[in-house]
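Chemist: sequence and predicted structure are below.
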Amino acid sequence: MGVHEIEDAALLFVFGYNGADSHPIVARRIVRAKQKGAKIICCDPRRIETARIADMHLQLKGGTNLLLVNAIANVILEEGLCDYDFIQKNTHGFDEFVETVKKYTPESVEEQVQVSAEDIRKAARMYATSGRSMILYGMGVCQFGQAVDVVKGLANLAIMTGSFGRPSVGIGPVRGQNNVQGACDMGALPNVYPGYQSVTDDKVREKFEKAWGVKLSPTPGITLTTVPHHVLHEEDPKKIHAYYIMGEDPAQSDPDLAEVRESLEKCDFVVLQDIYMNKTGQYADVILPATGWCEHDAVYSCCDRGFQKVRKLIEPSGDVKTDWDIIQSISAAMGYPMNYKNTIQIWNEVIELCPGFYGATDEKIEKNVCVQWPCRSKEEHDTGTVFLHRDGKFAHPDGKAKFAATDWRPPQELENEEYPLSFSTVREVGHYSVRTMSGNCRTLRNLEDEPGWIQMNPEDCQELDLKHGELVKVLSKRGYCITRCLPTDRVKKGATYMTYQWWIGACNELTIGNLDPISKTPEYKYCACRVEKIKDQVWAEKHIREEYEQIRSNMGIKVKGAVA
């Protein structure tokens with residue numbers, strides 16, 4: 001599917017995705033779909049912007065995603081709304097899937113999910129009968145300890161209704177960060193080379209060894225989120241002594257920041273390669289300044305598998321280099337010369353080594369603006385694959401889709417007497433990611449600045465005697481931060497939400513390092529917290545101003561106008 005197909009769907013099933021804050025341009029597609037007559041089902045614990053225009057808002061309790069997905073599958077099965085012809089011809093594992101899902105009746109889950117059985121049934125019927133149903137999911141699905149199982153569960157819904165291989169259907173992961181798709185496409189994963197070719201496949205490995213003139217390990221590496229463990233445990237056979245960080249800020253974006261800071265301090269050698277100074281840079285032994293997006297040529301992958309060109313607009317100023325030139329220089333200094341002259345040479349090597357990208361030549365991308373992989377032929381007529389699973393052909397060796405039902409398990413850390421509220425990280429529309437870029441923009445800082453806000457239900461605020469804009473202390477088992485109180489009825493009682501951009505209101509001081517066992521993605525969307533009133537607001541205001549000025553000073557940023 002392509003992003004443009006969103007607006008032509010008959011029904012959008014938007015699950016754990018807040019387009020208005022995360023991707024405003026994609027959100028416009030959702031609005032256009034509504035204007036064209038599409039029905040919208042929004043599944044989100046908050047009353048987000050999509051919920052305001054939705055035909056149904058399933059305001060589930062955080063952490064119950066799979067309960068709801070399995071219950072919807074249960075209704076589709078029970079009411080005979082499956083595409084049985086598609087299932088018979090193009091899938092396997094259906095009987096085992098039925099055995100798992102049949103116990104998840106809407107009535108059995110409604111109390112935990114906090115959505116009525118009647119609404120679950122209505123949503124299931126709407127999804128299964130629209131004829132062109134498209135699922136969009138975001139970080140509200142992916143950032144849980146059971147993320148992969150929920151993604152598979154959503155895929156089950158599309159498979160069992162035959163919603164693949166044609167316009168405006170299927171399942172669309174709307175990526176959390178810029179060029180996540182591209183990083184994965186290029187092999188920035190511990191278990192694959194570029195083009196999703198396994199490091200454990202002897203033939204694949206031999207191909208890359210021959211191309212690069214090196215010997216490569218058949219053992220997958222480790223994931224980013226497990227780095228602290230491999231730094232801090234002395235007896236670890238995979239102990240890490242050097243950490244090369246490129247375009248990331250783990251000291252701001254990773255969970256359980258106290259542990260992250262400890263690992264950065266104890267790591268023998270830390271290198272940061274980025275376009276601006278950030279929190280992680282304060283722990284780096286070497287900082288390598290790189291060019292920004294408009295200062296170099298590149299190829300970018302959109303979330304719909306589309307390769308697009310990034311063109312250099314301006315000459316960079318200062319002592320900076322492109323990322324690939326920095327890597328090439330370091331490689332040469334370490335005894336392995338690289339001799340690329342430009343990004344086109346690098347791209348040509350990529351497509352020669354990746355069968356799925358082989359036909360996506362620079363010339364073809366230039367002419368067609370976007371080429372979606374797989375594109376296997378360099379012939380001019382092959383402009384890529386729009387529908388990944390056309391004619392019911394899937395990526396498994398037998399060409400069939402595989403049902404994969406799993407039982408629900410709760411988040412690792414639930415509310416308790418000491419920490420009675422649930423906690424989740426969310427997005428901020430005015431700032432991007434850890435605001436390495438947007439935090440250096442005066443206009444955006446004037447719109448919203450430190451220390452951010454914690455969204456709370458008005459009833460919880462009343463019980464704690466908290467008022468709008470008051471500075472509060474938010475605590476979990478792992479740490480605390482200071483932020484401002486934002487009472488809002490968009491949030492359910494007992495739940496809290498914070499954006500993760502802020503340095504003083506650094507909500508990842510609170511988050512838990514529980515990882516999905518397959519993706520190794522942290523459970524940013526659920527842990528237990530409590531909120532405490534700060535009686536001396538004058539002291540608190542002075543404290544955050546001084547802290548913010550100190551952080552900015554440490555990072556070499558001008559302090560003037562530090563706090564809005």
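Modeler: Arrived safely, thanks for sending. Numbers count the residues shown, from 1 in each chain.
Chemist: how far off centre is the longest helix along the chain?
Modeler: Longest helix in the chain, counting residues (DSSP state H): helix 537-554. Helix 537-554 sits 31 Å away from the centroid of its parent chain (CA atoms, centre = their mean, to the nearest Å).
Chemist: same check on stretch 408-420?
Modeler: Using CA atoms, centre = their mean, the offset of stretch 408-420 from its chain centre is 23 Å.
Chemist: so which residues make contact with it?
Modeler: Contact with stretch 408-420 is made by 62-64, 66-67, 70, 104, 144-146, 421-422, 475-477, 494, 512, 514, 523, 526-530, as judged by CB atoms under 8 Å, 6 or more residues apart in numbering. Just so you know, the C-beta spots here come from the backbone N, C-alpha and C atoms, and that holds for glycine as well.
Chemist: in stretch 229-242, which residues are buried?
Modeler: His229, His230, Val231, Ile240 (16 or more other CB atoms under 10 Å).
Chemist: circling back: now for the longest helix of the chain, which elements pack on it?
Modeler: Counting contacts by 3 or more CB pairs under 8 Å, 6 or more residues apart in numbering; DSSP states H and E, helix 537-554 packs against strand 471-475, strand 480-487.
Chemist: list the buried ones in stretch 129-148?
Modeler: Result for stretch 129-148 [16+ other CB under 10 Å]: buried residues 130, 132-148.
Chemist: repeat for stretch 172-188
Modeler: Counting neighbours by 16+ other CB under 10 Å, stretch 172-188 gives Gly172, Pro173, Val174, Arg175, Gly176, Asn179, Gln181, Gly182, Asp185, Met186, Gly187 as buried.
Chemist: return the subset of those residues lying in strands.
Modeler: Cross-referencing the buried residues of stretch 172-188 against strands under DSSP state E gives Gly172, Pro173.
Chemist: taking the buried residues of stretch 129-148 one by one, which sit in helices?
Modeler: Short answer: these in helices (DSSP H) are Met139, Gly140, Val141, Cys142, Ala147, Val148.
Chemist: and the last one, what does it touch?
Modeler: Right, the one you point to is Val148. By CB under 8 Å, 6+ apart, Val148 lies in contact with Asp516, Pro517, Ile518, Ser519.
Chemist: swap in the fifth one?
Modeler: By CB under 8 Å, 6+ apart, Ala147 lies in contact with Val141, Asp516, Ser519, Thr521.
Chemist: how many residues are close by Ser377?
Modeler: For Ser377, the neighbour count with other CB atoms under 10 Å is 11.
Chemist: again with Glu363
Modeler: Number of residues near Glu363 (other CB under 10 Å) recorded here: 11.
Chemist: what's the spacing between it and Lys378?
Modeler: Separation of Glu363 from Lys378 (CB to CB, to the nearest Å) stands at 9 Å.
Chemist: over to Ala128?
Modeler: Distance, Ala128 to Lys378, by CB to CB: 41 Å.
Chemist: which one's more surrounded, the two?
Modeler: Counted by other CB under 10 Å, Ala128 and Lys378 do not tie: Ala128 has more neighbours, with 25 against 13.
Chemist: for the more buried one, what are phi and psi?
Modeler: The phi and psi values for Ala128, taken as degrees, to the nearest 10, are phi -70, psi -20.
Chemist: that one - nearest residue in space that isn't next to it in sequence?
Modeler: Leu81 (3.8 Å; CB to CB, 6 or more residues apart in numbering).
Chemist: before we move on, what about Glu470?
Modeler: In space, Glu470 comes closest to Cys485 once its chain neighbours are excluded; the distance is 4.8 Å by CB to CB, 6+ apart.
Chemist: surely the one you found and Gln462 touch.
Modeler: No - using CB atoms under 8 Å, Cys485 is not in contact with Gln462, being 11.2 Å away.
Chemist: which SSE is the nearest residue to Glu379 once chain neighbours are set aside in?
Modeler: Spatially, and ignoring its direct neighbours in sequence, Glu379 is nearest to Gly359 (7.2 Å; CB to CB, 6+ apart). Counting by DSSP states H and E, there is no helix or strand that carries Gly359.
Chemist: which stretches of the stretch 51-200 of the chain form helices?
Modeler: 65-78, 84-90, 94-101, 106-113, 117-129, 139-142, 147-160, 180-185 (DSSP state H, counting those that start in this stretch).
Chemist: mean pLDDT and distance to Leu288 for these - can I get that in TSV?
Modeler: Formatted as TSV, the helices of the stretch 51-200 of the chain follow (pLDDT from 0 to 100; distance: least, CB to CB, whole Å):
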stretch	mean pLDDT	distance to Leu288
helix 65-78	97	39
helix 84-90	93	49
helix 94-101	95	49
helix 106-113	97	48
helix 117-129	97	48
helix 139-142	92	29
helix 147-160	96	32
helix 180-185	90	18
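Chemist: closest one to Cys481 among those?
Modeler: Taking CB to CB, helix 139-142 is the member of the helices of the stretch 51-200 of the chain nearest to Cys481, at 19.9 Å.
Chemist: tell me which residues touch Ile41, please.
Modeler: Contacts of Ile41 by CB under 8 Å, 6+ apart are Leu11, Leu12, Phe13, Val14, Ala54, Asp55, Met56, Leu58, Ala123, Met126, Tyr127.
Chemist: for stretch 6-24, buried residues please.
Modeler: 6-7, 9-23.
Chemist: filter those residues down to the ones in helices?
Modeler: Gly19, Ala20, Asp21, Ser22.
Chemist: sorry, back to before: report the inter-axis angle for the longest helix of the chain versus strand 480-487.
Modeler: Here helix 537-554 points in a direction 120 degrees away from that of strand 480-487 (axes from the mean of the first three to the mean of the last three CA atoms, to 10 degrees).
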